[in-house]
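1. Give the three-dimensional model of this entry:
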Amino acid sequence: MMAGFEIAVDLREPAWREITPDPVGYCTRIASEALEALGEAGGELSVVLAGDEFVRGLNRDYRGQDAATDVLSFGGEENDRPPADGGPRLFGDIVIAYGEASRGLPPGRARRPEYHLAHLLVHGILHLLGYDHEQDAEAEIMEGLEARLLERWGIPNPYAVAGTGPAAAGEMTK
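-> Predicted coordinates for the structure are as follows:
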């Protein structure tokens, strides 16, 4: 547990070790530091590092889309507030697909697979905190936050590298 956060990482696909030797430790650190930077005080988050078929099944069963995707976020209705009993805030679950994540690497300097893993994890966290990218204005805010968070770990802005570039995000809290 780091900084009041309990991050549970389930390594279901051993190939994630090709991305980083310690994917559990890497995700735990990135998630905890991202949540802290976003102004969260503590809580619980679950991350599943899975294979494509597992994620495809979830995407089919929960979103009605029978296709693989790189990252899914599942937040409960209670994830936007602390529980009434004083227990820890339950942010939700993030599931990342190894093959889809590996194929979705941006070009250039941001091509390092562990950078892309950090980006997908941050993207999932922001979804759990209520951010979205369905509208252009929302996408600019979310992409800006992603870029600012990734910069903390020396990771190049994946949108600037890809040529899409986010708008300035301002503060990192909603």
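2. got the contact list for the residue nearest to residue 92 when sequence neighbours are not counted?
-> Once flanking residues are discounted, residue 92 sits nearest to residue 75: 3.5 Å by Cβ to Cβ, 6 or more residues apart in numbering. All C-beta atoms are positioned from the backbone trio N, CA, C, and that covers glycine. By Cβ atoms under 8 Å, 6 or more residues apart in numbering, the contact list for residue 75 reads 91-93, 127-128.
3. show me where the chain has strands.
-> With strands called from DSSP state E, the chain shows them at 5-11, 43-50, 71-74, 90-97.
4. Point out the most buried one among these.
-> Most buried of these, by mean neighbour count (mean count of other Cβ atoms under 10 Å): strand 90-97, with a mean of 23.
5. Compute the inter-axis angle for that one and strand 43-50.
-> Relative orientation of strand 90-97 versus strand 43-50 (axes from the mean of the first three to the mean of the last three Cα atoms, to 10 degrees): 10 degrees.
6. other SSEs contacting strand 90-97?
-> On a contact count with 3 or more Cβ pairs under 8 Å, 6 or more residues apart in numbering; DSSP states H and E, strand 90-97 meets strand 43-50, helix 52-63, strand 71-74, helix 113-128.
7. Nice, that's everything, thank you.
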